[in-house]
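Peer 1: Below is the structure, and that's it, no one-letter string:
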Ligand SMILES: Cc1cc2nc3c(=O)[nH]c(=O)nc-3n(C[C@H](O)[C@H](O)[C@H](O)COP(=O)(O)OP(=O)(O)OC[C@H]3O[C@@H](n4cnc5c(N)ncnc54)[C@H](O)[C@@H]3O)c2cc1C
């Protein structure tokens, strides 16, 4: 395979929000970075499909490491948005109106009560609203609503503006962004060090590679370099496969509201679906959770269920015009937590993937922590729970009856 020109200290595979956020942070700290993105444009994977909710509290039932990670990343957003604006002049439309979580059934009410109770005990900002107060705040909400929780710090961002701002920022920091370039293999030396990435343009060499290919992250195979003059007793071990990341399809509908009075101002959730208002009058409605492999596309059943759940929230949606629909593949690890940090199999390989339903929320903190590991050589404690090795260790413990 021929070698490609253009030296890099770090190669990032995947130009979604996670790869872009990681590349920006590493480049800001003075390293030469190349992003390899298979698509024509960065962000065409799950990042393009996302609703952009930054909502750790709305769905959380426990104060575990994942919740703390989510909250910490959400809290970075105001500064992150300001930095991106200063660097690129772009506004990612961070909307801090807050999120409402509605109850329509007995089960919904019980869920809200439990969430309100533990979050209030934990000192988190959450407000309980009566049906009347909810409708005073958001008149489009259905008259069947029973009560709601308001999470004033659960925000939203315009995902596609975020991708555009990140692309402008990485270019500003001198990152080489290679689009329409698929990574076909991860070159590893016979001693277990990463050597670079094989692409259609040839081998791109670097001493560090970040796997940020979203739902495709476990599909890029290792290829082992044959060392020159190796004698027959030399031993080469093929690394264990990547931690598994599976695709989970989510469909989205988009309606258009043309009046100057906003249709709703908050992000509005139920346990079954959500609607997200954009500044330009679009109302996004989502979503589905489907295990259909790498098939994208929008189905009649998807449209039917999303529309039904959106109408439950706000019956007046029936009068809006339908604008567009799309789908994306969320990257999901077996325990639904992200995989972030160094590989325990290949030196110089790092993972920043498996962000499943929260990659937009988690992008700023993921970028910082991966840069801490690669550039500063330290693994922050916050990352321990997300170690890429954890799934293998757990599987090993189970198979040995521990
Ligand atoms: C319908 C829907 C709604 C969502 N809503 C939210 C939300 O409200 N809030 C939230 O935080 N998250 C949300 N998410 C989740 C979020 O979109 C993902 O967690 C996030 O986009 C993952 O980002 P990523 O960069 O890891 O992956 P992606 O955006 O998928 O990027 C991976 C990139 O890698 C590239 N790639 C793949 N293979 C190769 C290869 N071999 N070589 C080179 N490049 C390659 C792909 O082309 C792609 O651009 C939602 C997702 C969906 C589908």
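Peer 2: Yep, it's here. Just so it is clear, the structure is predicted and the values come from calculations on it, not from any experiment.
Peer 1: contacts, neighbours, all on C-alpha from now
Peer 2: OK.
Peer 1: Return the residues of the stretch 151-300 of the chain in contact with the ligand.
Peer 2: Counting by Cα under 6 Å from any ligand atom, the residues of the stretch 151-300 of the chain lying close to the ligand are 181-184, 212-216, 249-252, 287.
Peer 1: Those residues into CSV, with extra columns for secondary structure?
Peer 2: Converted to CSV, these look like this (DSSP: H, G, I helix; E, B strand; the rest coil):
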residue, secondary structure
181, coil
182, coil
183, strand
184, strand
212, coil
213, coil
214, helix
215, helix
216, helix
249, strand
250, strand
251, strand
252, strand
287, coil
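Peer 1: Buried among those residues? Make that a ChimeraX selection.
Peer 2: Buried members of those, defined by 16 or more other Cα atoms under 10 Å, are picked up in ChimeraX with:
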select :181,182,183,184,212,213,214,215,216,249,250,251,252,287
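Peer 1: Can you report how many residues neighbour residue 258?
Peer 2: Counted with other Cα atoms under 10 Å, the neighbours of residue 258 add up to 13.
Peer 1: let's number from 254 now, not from 1
Peer 2: Happy to do that; since the first residue is 254 now, the last one works out to residue 511.
Peer 1: Quick check: phi and psi at the nearest residue to it once chain neighbours are set aside.
Peer 2: Of all residues not flanking residue 511 in the chain, residue 534 sits nearest, at 6.2 Å (Cα to Cα, 6 or more residues apart in numbering). Torsion angles at residue 534 (phi, psi; degrees, to the nearest 10) stand at phi 100, psi -10.
Peer 1: For residue 534, which residues are in contact?
Peer 2: Residue 534 makes contact with 509-511, 515-516, according to Cα atoms under 8 Å, 6 or more residues apart in numbering.
Peer 1: try 7 Å this time
Peer 2: Counting by Cα atoms under 7 Å, 6 or more residues apart in numbering, residue 534 touches 509-511.
Peer 1: right, and the pair among the residues of the stretch 404-553 of the chain next to the ligand with maximum separation?
Peer 2: Using Cα to Cα, these span at most 31.5 Å, a distance reached by 437 and 540.
Peer 1: Name the nearest residue to residue 507, ignoring sequence neighbours.
Peer 2: Going by Cα to Cα, 6+ apart, residue 507 has residue 537 as its nearest residue, at 4.5 Å.
Peer 1: Next one: the residue nearest to residue 511 from residue 393, what distance?
Peer 2: Counting by Cα to Cα, to the nearest Å, the gap from residue 534 to residue 393 is 14 Å.
Peer 1: just residue 592 next, same as before
Peer 2: Residue 592 is 39 Å from residue 393, by Cα to Cα.
Peer 1: out of these two, which sits in the more crowded spot?
Peer 2: residue 592 (30 against 18).
Peer 1: where do the helices sit along this protein?
Peer 2: 270-281, 299-302, 318-341, 359-374, 384-390, 412-425, 553-566, 612-627, 643-652 (DSSP state H).
Peer 1: Burial check on residue 549, number of neighbours?
Peer 2: Using other Cα under 10 Å: residue 549 sits among 16 other residues.
Peer 1: How about residue 395?
Peer 2: A count of nearby residues for residue 395, using other Cα under 10 Å, gives 19.
Peer 1: repeat for the one 3 residues further on
Peer 2: For residue 398, the neighbour count with other Cα under 10 Å is 19.
Peer 1: is it true that it touches residue 356?
Peer 2: Yes: contact criterion Cα atoms under 7 Å: residue 398 and residue 356 qualify, at 6.0 Å.
Peer 1: Can you list which of the contacts of residue 534 are found in strands?
Peer 2: residue 509 (DSSP state E).
Peer 1: from the contacts of residue 534, which is closest to the ligand?
Peer 2: residue 509 (17.7 Å; Cα to the nearest ligand atom).
Peer 1: related to what we said a few turns ago, may I see the residues of the stretch 404-553 of the chain next to the ligand organised as CSV, with pLDDT added?
Peer 2: Formatted as CSV, these follow (pLDDT from 0 to 100):
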residue, pLDDT
434, 96
435, 97
436, 97
437, 96
465, 98
466, 98
467, 98
468, 98
469, 98
502, 98
503, 98
504, 98
505, 98
540, 96
